[in-house]
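[1] Just to be clear, the model below is a prediction. Sequence and coordinates:
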There are 2 protein chains.
Amino acid sequence: MAQANLKEQLVDAATDLFHRQGYNATSVDDIVRGAHVPKGSFYNHFESKEALGLEVVRRYAASTPLDLLAEPDVPALDRLRAHLERMVERTVGWGVGRGCVLGNFATELASQSPVITAAVRDSFAAWADALAPVIAELPGQHDPQAVADYIVNGLEGAYARAKVIGDRRPLDQFLAVTFATVLR
Amino acid sequence: MAQANLKEQLVDAATDLFHRQGYNATSVDDIVRGAHVPKGSFYNHFESKEALGLEVVRRYAASTPLDLLAEPDVPALDRLRAHLERMVERTVGWGVGRGCVLGNFATELASQSPVITAAVRDSFAAWADALAPVIAELPGQHDPQAVADYIVNGLEGAYARAKVIGDRRPLDQFLAVTFATVLR
């Protein structure tokens, strides 16, 4: 029980630190300090910082709020809008300066950690796969899978832009332009 | 003359290393080794790794191929397509695993280096400002500036996705969906 709690504390602290300052700028020392656990306990739970990074990606991806895409009796366009608005508000709630853990790791770690990069790649694909059948319900969508990928990538790009500006405007623009042109 | 060459060698080596493996994963030692210059000479030319990072952003942004946007006697849509296709081919030529220096620094350094982040922010804005008047020439574009930002952010997101997949497909999808929906 205490062991499980220590592991949770490490994952929570690492998620917060990786999200806030990035993977390479966060040391195992920072994580054990943030988790308020003795340093020696880290390697009882994780083989390496990379193994913990992989766990952070898995949990973050699993927390993607996909439920609004499957809401019964709601038109496809409204489900897409509700889902994407929640994605935006979630990030704004954390602070736009943090961006998205998946997008941050995508650019920071692609050349460095094949195992984390594969998890990020699969997480983006799973998200797009959840969007595609809803997009397919809209009239005149000839390639719902390509459009789903376009939406995922576009929102990730908007997160990065919001991060450098320190303002939610790119996220609101993403929603406005997407629903005026790509999804309608 | 020899001094100027050493400085150029440092900028070239840093651009290559930052682009390939990121900012935090690259040390001053890596850069002087890559540049084949004595370590002592680094601080004759740059106050810090951050000062060199800023120079890399400035040169990279200045190399953005904007000329095709101003080509005379070419319809606006064709100028936009030529420009965005060249942006894609340039990145494919470097290797999609490298992504875009601006996008990589946006996510990696926003919480770490205000000075580099400001340069990245201004570079994205300048690029969008070059796109907006061309987009304004298209019929029915109600907010050319918002669409210009959307295109910049969308291509950055596609670069990140191509990076994790290790394949140009997100870039080709970006062009296909953009010119089927947003720009037409």
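    Structure's in. What do you need? All of these numbers come straight from a predicted model, not from anything done at the bench.

[2] Quick check: closest non-adjacent residue to the residue in chain A that chain B sits nearest to.
    Closest approach between chain A and chain B, counting by CB to the nearest CB: residue A:157, at 2.8 Å. C-beta coordinates here come from the backbone N, C-alpha and C atoms, glycine included. In space, and not counting its chain neighbours, residue A:157 is closest to residue B:157: 2.8 Å by CB to CB, 6 or more residues apart in numbering or on different chains.

[3] How about residue A:161?
    In space, residue A:161 is closest to residue A:170, 4.0 Å off (CB to CB, 6+ apart).

[4] So which bits of the helix or strand encompassing the one you found are buried?
    Using DSSP states H and E, residue A:170 sits within helix A:169-177. For helix A:169-177, burial by neighbour count (16 or more other CB atoms under 10 Å in any protein chain shown) applies to A:170, A:171, A:172, A:173, A:174, A:175, A:177.

[5] Likewise for stretch A:154-162?
    Buried residues in stretch A:154-162, counting neighbours by 16+ other CB under 10 Å, are found at A:154, A:155, A:156, A:157, A:158, A:159, A:160, A:161, A:162.

[6] how much space between the fifth one and residue B:51?
    When you say that, I think you mean residue A:158. Distance from residue A:158 to residue B:51, counting by CB to CB, to the nearest Å: 30 Å.

[7] Whichever strand or helix holds residue A:157 to helix B:169-177, inter-axis angle?
    Using DSSP H and E, residue A:157 sits within helix A:144-165. Calculated by axes from the mean of the first three to the mean of the last three CA atoms, to 10 degrees, helix A:144-165 forms an angle of 100 degrees with helix B:169-177.

[8] Helix A:144-165 packs against which elements?
    Where contact means 3 or more CB pairs under 8 Å, 6 or more residues apart in numbering or on different chains; DSSP states H and E, helix A:144-165 is packed against helix A:76-94, helix A:101-109, helix A:114-136, helix A:169-177, helix B:101-109, helix B:114-136, helix B:144-165, helix B:169-177.

[9] Give me the residues contacting the worst-scoring helix or strand of chain A on mean pLDDT.
    Every helix and strand in chain A was compared by mean pLDDT, DSSP states H and E; the lowest is helix A:2-21, with a mean of 91. Here helix A:2-21 makes contact (CB atoms under 8 Å, 6 or more residues apart in numbering or on different chains) with A:26, A:30-32, A:34-37, A:41-42, A:44-46, A:52-53, A:55-56, A:59-60, A:94, A:98-99, A:101, A:104-105, B:111-112.

[10] Make a PyMOL selection of the buried ones in the residues you listed.
    In PyMOL, a selection of the buried entries from those looks like this (16+ other CB under 10 Å):
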select buried, (chain A and resi 26+31+32+34+35+37+41+42+45+46+52+53+55+56+60+98+99+101+104+105) or (chain B and resi 111+112)
